[in-house]
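S.K.: Sequence unavailable; structure follows:
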């Protein structure tokens, strides 16, 4: 029987990666890429709890590793919560009075009975 043309049949060829192995490899590459581009120290919603797992304070979700958290930040639930938070902040912002109002100088009136000039 000729095993030469079968998938993974050549000696030293290493064979074809299974679907699970390719998924693990893809996830690892994406995690490394995300860790290079995103700084978790600057993320206001990223928190490591006392159990050693990671938590998203916006969505209240728990994650076992940074890769899982980074995948969550790209997901639908986190993005919709971010949009909801931004809309709420925009709605609350105009309710505060503006501090840069121009002040109107009060008119100074001359008191009755006093001359408008100074005598020497």
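M.R.: Sure thing, it's come through. This structure is a prediction, so every number in the text was calculated from the model and none was measured.
S.K.: which residue is nearest the centroid of the protein?
M.R.: Nearest to the mean C-alpha position of the chain, counting by Cα atoms, centre = their mean, stands residue 43 at 5.4 Å.
S.K.: in the top helix by length along the chain, what counts as buried?
M.R.: Taking DSSP state H as the criterion, the chain has its longest helix at helix 19-37. Judged by neighbour count (16 or more other Cβ atoms under 10 Å), helix 19-37 contains these buried residues: 31, 34. Where you see a C-beta, it was placed from the backbone N, CA and C, and this is true even at glycine.
S.K.: Over to stretch 71-82?
M.R.: 71, 72, 73, 78, 81.
S.K.: Go through those residues and flag which are in helices.
M.R.: 71, 72, 73, 78, 81.
S.K.: Need these in JSON lines (columns: distance to residue 16 and pLDDT).
M.R.: Below are these laid out as JSON lines (distance: Cβ to Cβ, whole Å; pLDDT from 0 to 100):
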{"residue": "71", "distance to residue 16": "26", "pLDDT": "85"}
{"residue": "72", "distance to residue 16": "31", "pLDDT": "90"}
{"residue": "73", "distance to residue 16": "33", "pLDDT": "89"}
{"residue": "78", "distance to residue 16": "35", "pLDDT": "93"}
{"residue": "81", "distance to residue 16": "40", "pLDDT": "95"}
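S.K.: Distance check, residue 50 against residue 67.
M.R.: 21 Å (Cβ to Cβ, to the nearest Å).
S.K.: following the longest helix of the chain, which helix or strand shows up next?
M.R.: Downstream of helix 19-37, the first helix or strand assigned by DSSP states H and E is strand 46-48.
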